[in-house]
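# Just the structure for this:
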Amino acid sequence: MVKVRPRLYKYEEIAEEVIHLIKSGTFRSGDRIPSVREMSRQKQMSISTVLQAYYLLEAQGFIETRQRSGVYVSTRIPSAMPEPDISSPELDPGKVSVWQLVKTILRDARNPKLVPLGAAFPNASLLATQKLNRIQASIGRRKREMSGAYDLPEGCKTLRVQIAKNSVRAGCNLAPGDIVITSGCTEAINLSLRSVCKRGDTIAIESPASFDVLQCVEALELKALEIPTHPREGISLEALEFAIQHTPVQACVVTSNFNNPLGSCIPDTKKKDLVTLLAGHEIPLIEDDVFGEIFFTGRRPVVAKSYDQKGLVMLCSSFSKDIAPAYRVGWAVPGRFREQVEWLKYTSTMATATLPQLAIAEFLASGGYHHHMRGIRRVYERNVASVVQAVERHFPEGTRTTRPTGGFVVWVQLPDGVDSMELYKKSLKQGIAITPGYIFSSTDRYRNFIRLNAANWSETIERAMQKLGKCIVELT
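Okay, here's the model as predicted:
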């Protein structure tokens with residue numbers, strides 16, 4: 001017997017039409033949809049009927065009403081697509097060797113002929129480059145010789161003051177003297193690892209982990225002990241505690257807010273538990289917070305450093321993902337290891353370039369940074385949601401995807417039979433750059449995973465996602 005679908009009420013018909021337009025990509029996350037009055041005129045239905053439809057859509061999470069602005073497609077549309085599995089890496093530490101593959105992928109990411117879904121470069125149109133260049137030119141004229149002089153290894157005090165002020169929002173009470181300016185976040189992590197580890201030591205890391213961290217581990221000839229990591233809540237504390245009890249761990253490296261590639265954000269209470277766990281074993285925590293300012297929720301998530309009572313948390317970050325990657329300005333808050341980090345900074349690069357530091361310090365002091373960040377958060381939230389929805393539209397059944405609440409990368413688990421390296425080669429022929437999952441581990445564990453850069457969105461990227469979906473189908 002054929003089951004007859006019950007007749008829909010008028011308001012349910014309107015709601016279904018809007019859902020279809022959203023899922024088909026006509027309206028994307030963040031788009032303004034017709035007002036109640038506009039929809040009432042279009043459908044020749046009463047305002048109360050349209051209101052009922054919009055109440056239903058809002059309750060289901062498809063739309064949101066913004067006071068004095070209108071009705072918009074939600075950036076957190078409900079999805080039937082599951083999240084990726086929690087990782088299950090090997091129990092034994094291993095050597096890292098992925099540099100050649102990383103080098104190839106970074107080279108392809110710079111190719112202007114390829115659609116940029118690969119390396120986690122920020123959206124070039126959203127950077128503060130022009131503003132900072134003007135500030136830098138002004139400082140060069142005003143301060144002349146001073147702007148070209150060597151600085152001390154710890155960096156410009158004016159910038160360290162501004163970073164300390166900004167860190168209050170992340171839950172930290174820092175003095176300028178707690179901070180060491182570095183040439184980007186990678187140098188901050190590298191110096192932190194060098195200050196607490198020696199060749200052959202074992203480092204606990206998330207799995208999957210940023211290949212920048214893996215490169216530091218490889219270059220320093222350390223061993224990586226990969227810890228299972230949840231796609232939303234981050235590193236498993238139970239697995240980490242088990243690992244510490246069974247393996248000598250010299251340090252732990254974690255991206256607390258918006259892990260790359262997962263996009264996971266460790267809940268605040270769990271950050272406190274993480275710090276407590278490691279402090280109990282006197283193990284330093286190297287915390288990467290490079291994506292921490294790109295949050296889509298109402299407030300900035302705190303850092304694990306805010307719970308540090310023993311000086312064992314070494315906070316690392318930079319301005320590379322939000323305002324100026326080419327300036328190469330980052331920082332470390334090394335706690336009890338500050339003197340060692342400062343000395344290592346001196347023996348490697350002596351000091352970070354002075355003029356970029358002064359320009360960023362002035363940008364922060366003027367309030368320009370916070371104004372800039374409010375704008376780019378909205379754009380990145382829309383773009384991430386658009387990429388996730390495109391995965392749902394174009395990728396085959398069996399695909400899983402994360403739904404990050406910050407940053408601009410999306411982690412995708414493909415059907416079991418798909419090899420991400422084969423997909424990488426196939427996508428290059430279609431003019432698309434992606435990042436295969438292989439380079440986010442010291443093993444081949446993530447062979448059927450890819451990371452997508454969601455910093456950009458356009459019709460070109462929509463078409464690229466459609467082509468990518470076809471390539472995946474051909475490999476299944």
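
# which strands and helices sit next to the helix or strand residue 159 falls within?
Using DSSP states H and E, residue 159 falls within helix 157-167. Packing partners of helix 157-167 (3 or more CB pairs under 8 Å, 6 or more residues apart in numbering; DSSP states H and E): strand 330-333, helix 354-365. Where C-beta positions appear, they are placed from N, C-alpha and C, glycine not excepted.

# and with 6 Å instead?
Secondary-structure packing of helix 157-167 (3 or more CB pairs under 6 Å, 6 or more residues apart in numbering; DSSP states H and E): helix 354-365.

# Give me the angle between the helix it packs on and helix 157-167.
Using axes from the mean of the first three to the mean of the last three CA atoms, to 10 degrees, the direction of helix 354-365 lies 40 degrees away from that of helix 157-167.

# Can I get stretch 173-188 in CSV, CA atoms only?
C-alpha atoms of stretch 173-188 as CSV (Å, rounded to 0.1, in the frame of the first residue of the first chain):
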residue,chain,number,x,y,z
ASN,A,173,46.4,38.9,33.0
LEU,A,174,49.8,39.4,31.3
ALA,A,175,52.5,42.0,31.7
PRO,A,176,54.5,43.2,28.7
GLY,A,177,57.5,41.5,30.2
ASP,A,178,55.8,38.1,29.9
ILE,A,179,55.8,38.3,26.1
VAL,A,180,58.5,37.5,23.5
ILE,A,181,57.8,38.7,19.9
THR,A,182,58.6,36.1,17.2
SER,A,183,58.6,35.8,13.5
GLY,A,184,55.1,34.2,13.3
CYS,A,185,53.4,31.5,15.3
THR,A,186,55.5,28.7,13.9
GLU,A,187,58.7,30.3,15.3
ALA,A,188,56.9,30.7,18.6
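
# And that stretch, what's buried?
174, 176, 178-188 (16 or more other CB atoms under 10 Å).

# next one: stretch 63-77
63, 71, 72, 73, 74, 75, 77.

# after the lengthiest helix in the chain, next one along is what?
For the chain, the longest helix by residue count, based on DSSP state H, is helix 368-394. Per DSSP H and E, the first helix or strand lying C-terminal to helix 368-394 is strand 400-401.

# Provide the contact partners of that following strand at residue level.
81, 82, 83, 84, 388, 391, 412, 413 (CB atoms under 6 Å, 6 or more residues apart in numbering).

# which residues in the stretch 101-250 of the chain form helices?
Under the criterion DSSP state H, counting those that start in this stretch, the stretch 101-250 of the chain contains helices at 129-143, 157-167, 184-196, 211-219, 237-246.

# Can you tell me which of the ones you listed is packed in deepest?
For those, the largest average neighbour count (mean count of other CB atoms under 10 Å) is found in helix 184-196, namely a mean of 25.

# what packs against that one?
helix 211-219, strand 313-318, strand 330-333, helix 338-348.

# from the chain's centre, how far out does the shortest one sit?
The gap between the average C-alpha position of strand 330-333 and the chain average comes to 18 Å, counting by CA atoms, centre = their mean, to the nearest Å.

# Starting from that strand, tell me which strands it pairs with and how they run.
strand 180-182 (antiparallel), strand 313-318 (antiparallel) (DSSP bridges).

# Give me the contacts around the longest one.
Translated: strand 313-318. Against strand 313-318 from outside (CB under 6 Å, 6+ apart): 184-185, 188-189, 192, 285-290, 303-305, 330, 332-335.

# Got the domain ranges for the chain?
For the chain, the structural domains run 10-73, 144-367, going by automatic domain parsing.

# follow-up on the earlier one: please tabulate the buried residues of stretch 63-77 in CSV and include secondary structure and pLDDT as additional columns.
Output for the buried residues of stretch 63-77, formatted as CSV (DSSP: H, G, I helix; E, B strand; the rest coil; pLDDT from 0 to 100):
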residue, secondary structure, pLDDT
63, strand, 80
71, strand, 86
72, strand, 86
73, strand, 85
74, coil, 82
75, coil, 77
77, coil, 73
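
# Thanks a lot, catch you later.
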